Every structure is written in C-alpha cells, then in structure tokens.
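[1] Quick check, what structure comes out for this input:
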Amino acid sequence: MNDTFEARVTATFGRHLLVRNASGQELQARPFGRGLNVVCGDNVRCRADPHHDEVHVVEILARQTALYRSNLRGMTEPVVANLSRLLVVLAPVPVPDLFVLDRYLAAAESGGIVGLLVVNKTELGIDAGLHEQLDTFSAAGYRWLPCSVRTGEGIDAVLQVCAGQTAALVGQSGVGKSSLVDRLVPGTGIAVGELVRQEEGRHTTTASKLFDLPLGGHLIDSPGVRDFAPAVDRLDGRSLGFVEVERLAPSCRFSDCRHMREPGCAVQAAVENGGMSPRRYESYRRLRRLYEELTAARGPERRR
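    Have a look, this model is predicted:
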C-alpha cells in the first residue's frame, strides 16, 4: 500500500471529513465505501484519488480508546476515538439530566478513559440541590471543575486538565459546549464552515471537530444530546461502569450478582447504610434494565 498515507481525522460532518496528514496539512476526505464508520479522533489510512481530486479513507487504524454508544437495536456505534479524558459538561440551566451524566461516566470508565465533570455557567449560581449531587460525584471519585464562559472563571483550570491529553467535550444540548470551546481555543468557528456548507440541507448529525490546545494536546467537541446509552458490549457486565459498584461487588455473596434483588448483595447493603448514593444506585438499576433490553435487542448471534 505504497500509494497510501496515514492521517488523523480532525472533523466529521455527515460523510464529509477533514484529515490531517503527517505534514500538518488538513485535507477534505470521505470514507471509501459504506462499511467504514469513521469518527473524529480516528487514525486512518488514506489514498488520494487524482481522477476525482479527492482523498479516500480506506482503513481505520486500531483505536487505543473510544467512546461508544448503543443504538436502539443494541448495536455499537463509536462517538469519538483515541481520547484520554472525557469532560462531561453540565450547567445550572438547562436542568442537568443526572442519569445521562452517569451513563457518560460509566462509558468512560468501561473504556479506560478518565471521566470528570465541568460545570459551566457558574455565574448563574450553583444551588444547594446541584451542590449535593456534585458532592455525590466527588464521593464516588469524580472530580468536577466550575467554570464560566461569560466571566472566564475556571477556564485556566479546564485548560490545565486537558494539557497534553486528547479530551472530548460531551453533554446535553444547551450547556454551552460550543461557547466553552471558543473560550478554550479562540477562533474555532471557522474551521468546519466549508464542511457545514457542503452538507447544508441534508439530514446529517452535527459536526465534531478536533482542536489543538494552547498548552498541548487536543480537544474534541461532539454534538449535544438528549439521551445517551453506553454500548452494551463495551460495559463490564458486573458493574456497568459504576465505580462504587465495582468496589463493592467483590463482597457480594454471589459472584454473578446483578445488584438488584439478590440476597447478600453488598451494593444494596451499602445503599441502605450510606455507603452509596441512593440516586446513583437508582441510576445503576435503570442502566441495568436498559443493558438487558439492548442485549436482548442485539439477538443471540451478536451477544458475547
């Protein structure tokens, strides 16, 4: 394959891509064929097609890590690839969907990615209820960073966390992710303009884009969501990526305990005696039910 070259995917918008070659040049490209599910952050092998004046992505190189989700049929879909930090963004407004936050963190935990929370719009104030939930995340072992795009508070701390890393921003729509990216990497809105224009009027997902950070490393902005389901075949079936459950599970009476209604369950006991947040446990129970539903939807031939 002497006529090919390696590159990194720096933007995706529908079937259109930007790839960065070894010289740092960004080229417009597209996957060659329908079988390649290319996402931002992927390392790929490309081939130039001089007859059509375009670049084809012909192979996705092995991913070190990735954030994966399940679709309604239980099939696995990559979201972003080759990241080391997952920054889950929330804000006082809109009201945080804590169960979605839990699922992002569970997916990160199961994928070997460090997850943490970024609380944007702190100029609006963090009320007692949200503070209590943030304390719950802290007790589980997750760091959270307050920041405000409007005032600049906490921006330097977010930059420090991302320095030398490949970090992805995820979260609900409306939490200010795009504005946060503009604060962290000024002038970012121009980069994907051409891709957006090419896809205008088509039914596509919102663009994802990789940016170079001023302190080193990279930042990937991904589309906002209403819901998120971790890929069931990527979750640890015993803990589903909940760090408290993973710590407690070895003390359960049965090695295959689902931590739902089984006798001698250390997780349920911890919820009763204050060792695990009841809300986080309810989130685990909801994900357990979803996990079983999506596993069934995959069909026996696709289950591990």
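
[2] Low-confidence stretches in the stretch 1-150 of the chain?
    Where the stretch 1-150 of the chain drops to pLDDT under 70, the residues are 1-2.

[3] and what of the stretch 151-300 of the chain?
    188-206, 300.

[4] Now do the strands in it.
    Using DSSP state E, counting those that start in this stretch, the strands of the stretch 151-300 of the chain run over 166-171, 208-212, 218-221.

[5] Mind exporting the C-alpha coordinates of the longest one to PDB?
    Written as PDB, here are the backbone C-alpha positions of strand 166-171 (Å, rounded to 0.1, in the frame of the first residue of the first chain):
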ATOM      1  CA  THR A 166      -6.800  14.200  24.000                       C
ATOM      2  CA  ALA A 167     -10.000  15.300  25.700                       C
ATOM      3  CA  ALA A 168     -13.600  15.200  24.400                       C
ATOM      4  CA  LEU A 169     -16.400  17.500  25.500                       C
ATOM      5  CA  VAL A 170     -19.800  15.800  25.800                       C
ATOM      6  CA  GLY A 171     -23.100  16.700  27.400                       C
END
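
[6] Which other helices and strands does it contact?
    Here strand 166-171 touches strand 76-81, strand 85-90, helix 98-110, helix 177-184, strand 218-221, going by 3 or more CB pairs under 8 Å, 6 or more residues apart in numbering; DSSP states H and E. No exception for glycine: its C-beta is placed from N, CA and C like everyone else's.

[7] you'd agree residue 183 is up against residue 152?
    Yes - here residue 183 reaches residue 152: they are 7.3 Å apart, a contact under CB atoms under 8 Å.

[8] Of the two, which one has the most company?
    Under the criterion of other CB atoms under 10 Å, the comparison of residue 183 against residue 152 puts residue 183 first, with 20 against 10.

[9] so what's the more buried one up against?
    Listed by CB atoms under 8 Å, 6 or more residues apart in numbering, the contact set of residue 183 reads 149, 152, 155.

[10] Looking at the helices and strands packed on strand 166-171, spot the one closest to residue 286.
    Smallest distance to residue 286 across the helices and strands packed on strand 166-171 (CB to CB): 6.2 Å, for helix 98-110.

[11] Touching the closest one from outside, list them.
    Here helix 98-110 has contacts from 67-69, 86, 88, 90, 114-115, 117, 133, 137, 142, 170-172, 225, 227-231, 234-236, 240-243, 246, 279-280, 283-284, 286-287, using CB under 8 Å, 6+ apart.

[12] could you flag which of those residues are buried?
    Among those, those classed as buried by neighbour count (16 or more other CB atoms under 10 Å) are 67-69, 86, 88, 90, 114-115, 117, 133, 137, 142, 170-172, 228-231, 234-235, 240-243, 246, 280, 283-284, 287.

[13] hey, where'd the helices end up in this protein?
    98-110, 128-140, 155-162, 177-184, 193-199, 243-248, 266-273, 278-298 (DSSP state H).

[14] Please identify the deepest-packed of those helices.
    Each of those was assessed for mean neighbour count using mean count of other CB atoms under 10 Å. The highest is helix 98-110, with a mean of 23.

[15] I'd like the helices and strands packed on strand 166-171 written out as CSV, with distance to residue 30 added.
    Putting the helices and strands packed on strand 166-171 into CSV (distance: least, CB to CB, whole Å) gives the following:
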stretch, distance to residue 30
strand 76-81, 17
strand 85-90, 27
helix 98-110, 28
helix 177-184, 24
strand 218-221, 20
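
[16] The ones you listed: which one's closest to residue 211?
    Once the helices and strands packed on strand 166-171 are compared by CB to CB, strand 218-221 is nearest, at 4.8 Å.

[17] Touching, residue 258 and residue 288? I think so.
    Yes - the pair residue 258 and residue 288 qualifies as a contact (CB under 8 Å) at a distance of 6.4 Å.

[18] Now do the same contact list for the residue sitting nearest the centre point of the chain.
    In the chain, the C-alpha nearest the mean C-alpha coordinate belongs to residue 67, at 4.9 Å (CA atoms, centre = their mean). Residues counted as contacts of residue 67 (CB under 8 Å, 6+ apart) are 78-81, 83, 86, 104, 107-108, 111, 113, 168, 170.

[19] just checking, what's the longest strand in this structure?
    Using DSSP state E to define each element, the chain has its longest strand at strand 4-13.
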